[in-house]
Structures are given as structure tokens and as C-alpha cells.
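Engineer: Below are the sequence and a predicted model for it; my questions follow.
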Amino acid sequence: MFALSFSRLLLQALPKQPVTPRATAQCIRSLTSQQEPLKKGDMPIKMENPYKTPPKTCILCNITVDFKNVQLLSQFISPHTGRIYGRHITGLCGRKQKEVSKAIKKARSMGFMSVTLKDPQFIKDPDICGIKHFE
Amino acid sequence: MPRYELCVILKAMQRPETAAVLRRTVETLLERGAVVRSLESLGERRLPYKISKHDSRHTHGGYFSVDFHASPKIVSELLDHLERDIDVLRPTLLKKDPELSQAQCCGAQKKKSKY
């Protein structure tokens, strides 16, 4: 082991011999063509990545959830039973799901929202959760 | 002084009577040293479920919201007073939390398709 490392040290210490490039076809092509002088203003301009994907947000990002906003809260409950949909159905982030859940329970106890059903005037609202109901 | 919100559901009554109830509610608040910020009407609508209060079953009610600043000592007395009022169906007193900073909302969860 010691002998190996010693030999490696020797190799590093010795000056490296210049390696003559082998003349292949591609090499000859580059040698014969005239090289353009390097332009000073040709360096890449530093800029923000223009192909950056927008940050992933849930649908309620930057929207305040209020217990008085019964229409918004009704979009996250089942139209048949009035039960609150889980996180895997609504697709909300942890914080917003908790806020919505708390707001629905608050609204129910304060007499703003029904417990067992969805208000009939809100049944025709667009479907956010994308849940397929048994027809 | 902490900021409170009183969301009250009143019995479905004619306009002068509703005005009288609101007037005496706000006067009770002012008597106990509250600073009323605003009084909003959230409309008269059909209740989500029938509420039985003061020996009668109600289906319609007027929703009102009072925003005020008050000392925490009057909270229990106020709720007691409102419970005794015959025209008030459901009084709810909430503390208004200061607005949470709009921190970055974390990325959405992966939605599993439901069969």
C-alpha cells in the first residue's frame, strides 16, 4: 500500500509530458478553418431563469377564509351529506385545509351553515374538488 | 383593548322592532365601556336549520355583526344578557385575531384520483 502511494507521489512530482494530439479527421477540420477572434461582449448575460415554473400553490393561496363566506365553504363539503372533504380530495395545503375545516365548524355552530346538507342555492357551483359522485 | 366581533341572529321581525333590539344591544355595550367600531347587517335569510329558542321554533332570522373593542371582563356578562333577550336567537362572541402574515403557502398536495 505504501509503495503504491509513493509511486503516485512520484508521478505527480514529475513534470507532465506534453501530449501530442493525434491527427484524426475531426481534428484536421478544426485546424484548417480560420478561428474567429473572441468578442469581448459575447459573454452570456446574467438573468433570472426565464423558463422557471411558477411556484406550486393551492387554490386558496392568498385568499382569506371567513366563516361568513358560506358559499366558499360550501364548495368543500359533500352535497349529499354535508361532510367536510379530506385533504386528498380538496387538494389544499395543510394550513388552508385546517382554516377551512375550522371555519366550517364555526359557521355550523353559529347558525350560518347547515350540518347535514349543502345549501340548495350553492349546489350548482363549479366543482373544485373534482370528486366523482355515484350517479 | 382586544377586539371582538359579535355575530347575532335576531328573530325575523318588522324593521322598527329590529331597530329597537339593535339599539338596546349597542346601548348595553356602550354602558359597559365598549367602543363600537361598526354594525353590519348580513341580511335576513332562511336559517340553515330550525332553531328552538325562548319557547318557539324559528325558520327565518336577521343576521347582524357588531365589531367592537372592549375589556375582557364584560364578555361573560354580555353573553348572559344576550341569552336572556327574547328577540335574540343566537348570540356568538368571537375574538378578532390580528391578521396573520401572508407567509408562503406551501405547495399543493398530490391529488389521488378517486375511482
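Structural biologist: Received it, and whenever you're ready, just let me know what you need.
Engineer: Write out the residues of chain A neighbouring chain B.
Structural biologist: With CB under 8 Å from any CB of the partner chain as the criterion, chain A meets chain B at residues A:55-62, A:68, A:87-89, A:91-96, A:106, A:108-115, A:119, A:130-132. No exception for glycine: its C-beta is placed from N, CA and C like everyone else's.
Engineer: Quick one: buried ones out of the residues you listed?
Structural biologist: The neighbour-count criterion (16 or more other CB atoms under 10 Å in any protein chain shown) marks A:58, A:60-61, A:68, A:87, A:89, A:91-93, A:95-96, A:106, A:108, A:110-114, A:119 among the residues of chain A next to chain B as buried.
Engineer: quick one on the thing from earlier: can you list which of the residues of chain A next to chain B are found in helices?
Structural biologist: Among these, DSSP state H puts A:87-89, A:94-96, A:106, A:108-110 in helices.
Engineer: What is the most widely separated pair among these?
Structural biologist: Greatest spacing in these, by CB to CB: A:H88 and A:M110 (28.1 Å).
Engineer: B:I51 and chain A: what is the separation?
Structural biologist: Using CB to the nearest CB, to the nearest Å, we find B:I51 at a distance of 6 Å from chain A.
Engineer: List the residues that contact that residue.
Structural biologist: Contact analysis of B:I51 by CB atoms under 8 Å, 6 or more residues apart in numbering or on different chains lists A:111, B:9, B:57-58, B:61, B:89-90.
Engineer: Just the buried subset of those residues, please.
Structural biologist: Buried members of the contacts of B:I51, scored by 16+ other CB under 10 Å, are A:111, B:9, B:58, B:61, B:89-90.
Engineer: Where does pLDDT dip in chain A?
Structural biologist: Scanning chain A for pLDDT under 70 picks out the ranges A:1-39, A:135.
Engineer: correction: chain B
Structural biologist: Filtered on pLDDT under 70, chain B yields the residue ranges B:99-115.
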